[in-house]
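K.L.:
Dropping the sequence and predicted coords here.
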Amino acid sequence: MKIDIFSHVLLPQFCKKMLDIDAGLLQKMPFLQNPLLLDIKMRQEAGISEVKQVLSFVNVNPEDYLEKDRALDLVKEANHELLETVLAYPKQFFGAVAMLALNNIDGSLSILEDFVVKHSQIFGVQLFTRHLGLSIADPQFKPIFKKCEELDIPIWLHPVFDDRKPDNNIVFSWEYEQSQAMLQLVEAGIFQDFPNIKIIVHHAGAMVPFFSERIKHILPEAQAEDFRKFYVDTAILGNPTALELAIEYFSIEHVLFGTDAPLGIAPSGATQVIIEAIEKLPLSYSDKQAIYSDNFKNLIKRGM
């Protein structure tokens with residue numbers, strides 16, 4: 001079995017409620033129009049039998065549209081829809097990752113304590129590189145990291161656009177925002193304050209492996225070492241050479257199979273392309289199995 005730890009959905013009930021709030025949402029974010037985000041049966045038909053997915057919502061968050069109590073209520077509803085989907089399709093989905101509303105920190109802490117911890121199929125929470133116009137490293141979000149470490153809840157870190165920039169694009173902007181958020185978290189001392197925190201970064205660590213020597217020679221030694229504490233997925237649409245670089249930098253133990261399905265390569269994502277890229281790597285069978293599933297199982301022992 002292969003566990004795709006970074007796979008996205010926009011489930012029907014949540015989608016309807018978001019469209020009630022912003023009828024133009026699908027036009028503003030065209031990638032949301034992929035039918036496999038909503039249609040689970042179509043997703044089943046396009047799936048690969050040996051792959052089970054860990055679901056997280058696409059980067060649409062009620063906190064950007066609603067005041068804090070309404071945002072929290074909608075996030076809770078969405079999380080229950082996510083859990084119900086995983087329970088209804090156990091052969092296809094390995095588990096899921098909860099959403100938070102960071103305009104309601106107290107409510108989000110309650111989601112960690114009362115929802116994530118109490119459901120073994122919910123393995124962690126997804127945070128974005130920016131929330132409420134602020135870096136995820138902003139001090140007001142620190143209680144979330146503290147509670148995640150305390151409860152041994154991994155964090156999935158997904159990029160979003162910085163709305164201050166006029167030239168955002170899905171080719172390069174998300175990779176920059178991901179890399180910048182990693183730097184901001186390191187410089188904020190997140191690994192020093194919370195040494196047991198587990199943060200999984202999308203897109204194989206973005207720019208970080210390629211610019212590892214800049215990190216090494218420009219940052220203080222302790223901060224440069226903290227960069228290696230992130231976990232990363234394999235969602236870079238193939239490219240074995242780039243995956244080798246990520247493995248060399250973060251270590252084999254910190255690389256997890258993830259594809260960004262069903263996005264990336266039409267119509268159903270890059271799952272097969274990424275499997276082929278991993279198979280081309282000069283790794284032992286056990287190392288490949290570590291990437292495909294064993295590393296993730298070790299990471300989420302709380303949920304096993």
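P.N.:
Arrived safely, thanks for sending.
K.L.:
make it CA atoms for all contacts and neighbour counts henceforth
P.N.:
Noted.
K.L.:
Do a quick rundown of the strands in the protein.
P.N.:
Using DSSP state E, the strands of the chain run over residues 2-9, 51-57, 93-99, 122-128, 130-131, 134-135, 155-158, 199-201, 231-233, 255-256.
K.L.:
Run through who's touching the third one.
P.N.:
Outside strand 93-99, the residues that touch it by Cα atoms under 8 Å, 6 or more residues apart in numbering are 3, 52-57, 61, 75-76, 78-79, 82-83, 86, 116, 121-127, 156.
K.L.:
follow-up on the earlier one: okay, the strands of the chain, which one's buried deepest?
P.N.:
Ranked by mean neighbour count, the strands of the chain are led by strand 255-256 with a mean of 30 (mean count of other Cα atoms under 10 Å).
K.L.:
Walk me through which strands that strand pairs with, and which way each runs.
P.N.:
Within its sheet, and counting by DSSP bridges, strand 255-256 is paired with strand 231-233 (parallel).
K.L.:
Quick one: residues in contact with the partner strand.
P.N.:
Here strand 231-233 makes contact (Cα under 8 Å, 6+ apart) with 5-6, 198-205, 250, 254-259.
K.L.:
Distance from the chain centre to that strand, please.
P.N.:
A distance of 9 Å separates the centroid of the chain from that of strand 231-233, by Cα atoms, centre = their mean, to the nearest Å.
K.L.:
for stretch 232-241, same thing?
P.N.:
14 Å.
K.L.:
Check the separation of the first and last residues in it.
P.N.:
16 Å (Cα to Cα, to the nearest Å).
K.L.:
what do you get for stretch 6-24?
P.N.:
26 Å.
K.L.:
Stretch 8-27 too?
P.N.:
18 Å.
K.L.:
Report the mean per-residue pLDDT for that stretch.
P.N.:
Model confidence over stretch 8-27, given as mean pLDDT, is 97.
K.L.:
contact partners of that stretch?
P.N.:
Contacts of stretch 8-27 (Cα under 8 Å, 6+ apart): 32-33, 36-39, 55-58, 62, 65, 74, 77-78, 81-82, 260-263.
K.L.:
Tell me the buried residues within those residues.
P.N.:
Among those, the ones that count as buried by 16 or more other Cα atoms under 10 Å are 32, 36-38, 55-58, 62, 74, 78, 81-82, 260-263.
K.L.:
neighbours of Leu102, just the number please.
P.N.:
24 (other Cα atoms under 10 Å).
K.L.:
So what does it look like in phi/psi?
P.N.:
phi -80, psi 0 (degrees, to the nearest 10).
K.L.:
measure it to Leu134 for me?
P.N.:
To Leu134, Leu102 is 11 Å away according to Cα to Cα.
K.L.:
ditto for Asp152
P.N.:
25 Å.
K.L.:
Just list the residues touching the spatially closest residue to Ala96 that is not a sequence neighbour, thanks.
P.N.:
What sits nearest to Ala96 in space, not counting adjacent residues and going by Cα to Cα, 6 or more residues apart in numbering, is Leu55, at 4.4 Å. Residues in contact with Leu55 (Cα under 8 Å, 6+ apart) are 5-9, 82, 93, 95-97.
K.L.:
Beta-bridge partners for Leu55, please?
P.N.:
Here Leu55 sits in beta bridges with Ser7, Ala96, going by DSSP bridges.
K.L.:
Please flag which of the buried ones among the contacts of stretch 8-27 sit within helices.
P.N.:
Applying DSSP state H to the buried ones among the contacts of stretch 8-27, the entries found in helices are 74, 78, 81-82.
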